[in-house]
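# sharing a model that was predicted from the sequence below.
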Amino acid sequence: MHVPLKILAASAATVLTLALGACGVGGDEAEASAGDCPFEANEDFTGTLRLGYQKIPNGDVIVKDQRVLENCLPNATVKWSNFASGGDVVQAFGGGSLDIGLAGSSPSTKALSAPLNLPVSVVWIHDVIGTAESLIVRDGVDATDIAGLKGRTIATPFGSTAHFSLLQAIADAGEDAKDYKLINSEPEQIAPAWGRGDIDAAWIWDPTLSELRQQGGEVILSSEDTAKAGKPTFDLAIADNAFVEANPEVLEVWARAQDYAVKQIKDEPEKAAESVAVEVGVSTEEAQQLFEGFVFLDAAEQAEPDYLGGKLGADLFSTAKFLLTQDGISKVEDESVYTGGVNPAPAEAAAS
């Protein structure tokens, strides 16, 4: 999940400055602490692993809160940096300041497409987005479908998976996006704008989505609906190709940590929710409810042909074709760029 890539002509220095700004106070750098690794640790890697995460209720924040990587890479320095959106994560890759980071399928597709063409690959599916990203309408706004919002102000982070789903829903309804007042807003900006009455609707994700529900908003569409219409969206992990090539054993440890977190969500949701609550800023009960808006895949499932093992590359290619119609990218690359931009090796190793 994700925001616009307006860095096309930016210098690497400028991009790096933007990325560091998005990280808060320099990120969360942690030397190894005493603790148990839930699988075989790797003591050989002594370098730094730079990770970009977002406050999304999935396995990534569980890995962070439970210090799985710090315990499984005991001689490494693990640096976590928080980003507001996938667009900011992609900016950081453009500035060379990340090794692995979470970005939605739309920003990840942009990273692989012109004019960016970044040397990154998708190495994990953090989640398949369902009702966790939805179009929610203010109380008092008379609209029960997307057509009913024509002329209304709808907020969403541009370039995000939510933006992609919103545009897709408009197109699928036979409407023109120009007939809507679409505004670019970060998640933390949407709730205050909603409270002031500045916007009529928003396509956004949790926990902001739940906050708007509590203020009387009503969901009329979700990313689950657009997925059923043939346009699925995902929260993905992209990794720097040079880092992956130089450190395959680190990627295996990282993938095993993610697999451990996914299995915890499935088998021990209360324990997983405790970590999500800490990282996302919700109650444990709310965290468990948020899990219901996603589909989580373990390493073995991810390696299958429907996902990293095949179809995901085709899904990214389809996303690129749609983004081109919306001026989100300047060129759709050959399909091989997107299929080749998916690397199932870490998931395959974690599943073995």
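Thanks, I have the structure now.
# distance of the nearest residue to L149 once chain neighbours are set aside from R196?
Leaving aside its sequence neighbours, L149 sits nearest to A143 (CB to CB, 6 or more residues apart in numbering; 4.8 Å). Glycine gets a C-beta too; all of them are placed from N, C-alpha and C. Counting by CB to CB, to the nearest Å, the gap from A143 to R196 is 19 Å.
# neighbour count winner among these two?
Each of A143 and R196 has its neighbours counted (other CB atoms under 10 Å); A143 has more, 17 against 8.
# the more buried one - that's part of a helix, no?
No - A143 is assigned coil when assessed by DSSP: H, G, I helix; E, B strand; the rest coil, not a helix.
# quick one on the thing from earlier: wouldn't the residue nearest to L149 be in contact with E218 here?
No - with contacts counted by CB atoms under 8 Å, A143 stays clear of E218, the gap being 9.1 Å.
# pLDDT weak spots in this structure?
The chain contains residues with pLDDT under 70 at 1-34.
# what do you get if the cut-off is 50, keeping everything else the same?
When residues are selected by pLDDT under 50, those of the chain lie in 1-27, 29-34.
# for S275, give me its contacts.
Contact partners of S275, counting by CB atoms under 8 Å, 6 or more residues apart in numbering, are V61, I62, K64, D65, Q66.
# actually L73, sorry about that
Here L73 is in contact with A32, A41, N42, F45, L49, V250, V253 (CB under 8 Å, 6+ apart).
# any chance of the backbone angles for it?
L73 has phi and psi values of phi -120, psi 70 when expressed as degrees, to the nearest 10.
# now swap in the one 5 residues further on and tell me
In terms of degrees, to the nearest 10, the main-chain angles of V78 are phi -110, psi 120.
# how about the one 3 residues further on?
When quoted as degrees, to the nearest 10, the phi and psi of S81 stand at phi -120, psi 130.
# please tell me how far it sits from S185.
Taking CB to CB, one finds S81 at 22 Å from S185.
# also G35?
39 Å.
# what of S105?
Using CB to CB, one obtains 20 Å as the distance from S105 to S185.
# residues contacting R138?
W194, G197, I199, D200, A201, G216, G217.
# revised request: answer the last question for Q302.
Taking CB under 8 Å, 6+ apart, we find Q302 in contact with W124, I125, L308, G309, P344, A347, A351.
# just the ones of the residues you listed in helices?
Of the contacts of Q302, the ones assigned to helices by DSSP state H are A347, A351.
# narrow the contacts of Q302 to those in strands?
Residues of the contacts of Q302 located in strands (DSSP state E): W124, I125.
# mind putting the contacts of Q302 in a markdown table, distance to T161 and neighbour count included?
Output for the contacts of Q302, formatted as a markdown table (distance: CB to CB, whole Å; neighbours: other CB atoms under 10 Å):
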| residue | distance to T161 | neighbour count |
| --- | --- | --- |
| W124 | 16 | 30 |
| I125 | 12 | 24 |
| L308 | 17 | 26 |
| G309 | 21 | 16 |
| P344 | 21 | 24 |
| A347 | 20 | 30 |
| A351 | 25 | 17 |
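# closest to A239 among the contacts of Q302?
Closest approach between the contacts of Q302 and A239, by CB to CB: W124, at 8.4 Å.
# let me know the distance separating the closest one from E70.
Taking CB to CB, one finds W124 at 19 Å from E70.
# can you give me every residue that contacts A173?
Neighbour list for A173: D145, I146, A147 [criterion: CB under 8 Å, 6+ apart].
# surely the second one meets A171?
So that's I146. No - applying CB under 8 Å, one finds I146 not in contact with A171, separated by 9.8 Å.
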